[in-house]
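Engineer: structural data only, the sequence is not supplied:
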């Protein structure tokens, strides 16, 4: 284990087998049995007293506003590190990352630098990662190679990570309600998922999935809350620009806020953990100001009415996989 990893423990999110970079549950279990961490970095999860947090079903807590670190491949990895330092200076204490983003080394150094200069303490940070072993392998024709791995087996491997002290909390991503039930109804289940990270914004408000998760004491964590960064690998070029929606712009003007701040606060007011991603210093500061105002019931109703079940990231390369999560209503 290198020195950066000594600073952190892990919060791990499991993606469905069609998306995970883990080839098999056995590979993950092998790493655990050898005393190796299958993840990059993460944190001891302690309530950050200067920000709002939500209690997880395992007794830990998660700041309700997180900083997203994914960037398209043309953006230098150093930009993610620089933005993370700015985010910490602004007040973010929840950092969302993944092995797939290929910038965890830079993020780890950024976090270490901020601890060394005493901007933040180790125990103040909440770091989320998604474990991996191989990045999107492709065949000779450029088609992503997919495998079918039983979700319950992979979940059991993550439980072993938690038992081994490699993770404080474990959760899932992109799961529909039937996939969540597969885990919840698993014989011998030790740990419920603490959260489910999904795409969610006014055009895809995930109201039914949110209610299901609340009924099971699972926190919904949302990405693409501001629409999307429009990476052509994931998102169609003709997708609508969420932050140019007239309803959001009207509400933003009424509150003397930006449409982005309204979209973020909308999620917080629904009881959702929201991730805000920007590498622009001005916007990072604006995104952290979302606790400074409230939306009226009329505002919330108007934003609710924007829902059109529109998904920016359809993960089309996995459409034919038996675990493709988006064929269910929620």
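Structural biologist: Thanks, I have it. Bear in mind the structure is a predicted one, so any value in this text is a computation, not a measurement.

Engineer: can you tell me the centre-most residue of this protein?
Structural biologist: Centre of the chain computed as the mean C-alpha position; nearest residue by C-alpha atoms, centre = their mean is residue 197, 5.0 Å away.

Engineer: contact partners for that residue?
Structural biologist: 13, 96, 128, 171-174, 221-223, 275 (C-beta atoms under 8 Å, 6 or more residues apart in numbering). Heads up, the C-betas are built off the backbone N, CA and C, glycines and all.

Engineer: where does the stretch 201-330 of the chain have low pLDDT?
Structural biologist: Residues of the stretch 201-330 of the chain that meet the criterion pLDDT under 70 lie in 229-235.

Engineer: where do the helices sit along it?
Structural biologist: 207-215, 246-255, 259-269, 281-287, 297-304 (DSSP state H, counting those that start in this stretch).

Engineer: cool, the stretch 51-200 of the chain as well?
Structural biologist: 77-90, 104-116, 151-163, 177-184.

Engineer: mind putting these into a markdown table with mean pLDDT, mean neighbour count and distance to residue 316?
Structural biologist: Putting the helices of the stretch 51-200 of the chain into a markdown table (pLDDT from 0 to 100; neighbours: other C-beta atoms under 10 Å; distance: least, C-beta to C-beta, whole Å) gives the following:
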| stretch | mean pLDDT | mean neighbour count | distance to residue 316 |
| --- | --- | --- | --- |
| helix 77-90 | 94 | 19 | 26 |
| helix 104-116 | 94 | 19 | 26 |
| helix 151-163 | 94 | 20 | 21 |
| helix 177-184 | 97 | 16 | 19 |
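
Engineer: out of these, which comes closest to residue 267?
Structural biologist: Set against residue 267 and scored by C-beta to C-beta, the helices of the stretch 51-200 of the chain come closest in helix 77-90, at 17.7 Å.

Engineer: tell me which two of the contacts of residue 197 sit farthest apart.
Structural biologist: For those, the farthest-apart pair by C-beta to C-beta is 172 and 275; their separation is 15.2 Å.

Engineer: just name the most buried of the helices of the stretch 201-330 of the chain.
Structural biologist: Using mean count of other C-beta atoms under 10 Å, the stretch among the helices of the stretch 201-330 of the chain with the largest mean neighbour count is helix 259-269, at a mean of 23.

Engineer: if I look at the residue lying closest to residue 201 once chain neighbours are set aside, how far off is residue 184?
Structural biologist: Spatial nearest neighbour of residue 201, chain neighbours left out: residue 225 (5.3 Å); criterion: C-beta to C-beta, 6 or more residues apart in numbering. When distance is defined by C-beta to C-beta, to the nearest Å, residue 225 is 26 Å away from residue 184.

Engineer: thinking again about what came up before, ok, the residue nearest to residue 201 touching residue 274?
Structural biologist: Yes: Residue 225 lies in contact with residue 274 (C-beta atoms under 8 Å); the separation is 4.9 Å.

Engineer: so what's in contact with these two at the same time?
Structural biologist: Residues touching both residue 225 and residue 274 (C-beta under 8 Å, 6+ apart): 264, 267.

Engineer: select, out of the helices of the stretch 51-200 of the chain, the one closest to residue 123.
Structural biologist: Residue 123 sits nearest to helix 104-116 of all the helices of the stretch 51-200 of the chain, at 10.2 Å, using C-beta to C-beta.

Engineer: that closest one relative to helix 77-90, how many degrees between them?
Structural biologist: Inter-element angle recorded for helix 104-116 and helix 77-90: 30 degrees (by axes from the mean of the first three to the mean of the last three C-alpha atoms, to 10 degrees).

Engineer: any idea how far helix 104-116 is from the chain center?
Structural biologist: 19 Å (C-alpha atoms, centre = their mean, to the nearest Å).

Engineer: for that helix, name the packing helices and strands.
Structural biologist: Applying 3 or more C-beta pairs under 8 Å, 6 or more residues apart in numbering; DSSP states H and E, one finds that helix 104-116 contacts helix 77-90.

Engineer: need the residues that contact the helix it packs on.
Structural biologist: 67, 69, 71, 95, 101-103, 105-107, 109-111, 113-114, 119-120, 278-279, 281, 284-285, 288.

Engineer: where along the stretch 1-150 of the chain do the strands fall?
Structural biologist: With strands called from DSSP state E, counting those that start in this stretch, the stretch 1-150 of the chain shows them at 10-14, 53-55, 61-63, 65-68, 94-96, 126-129.
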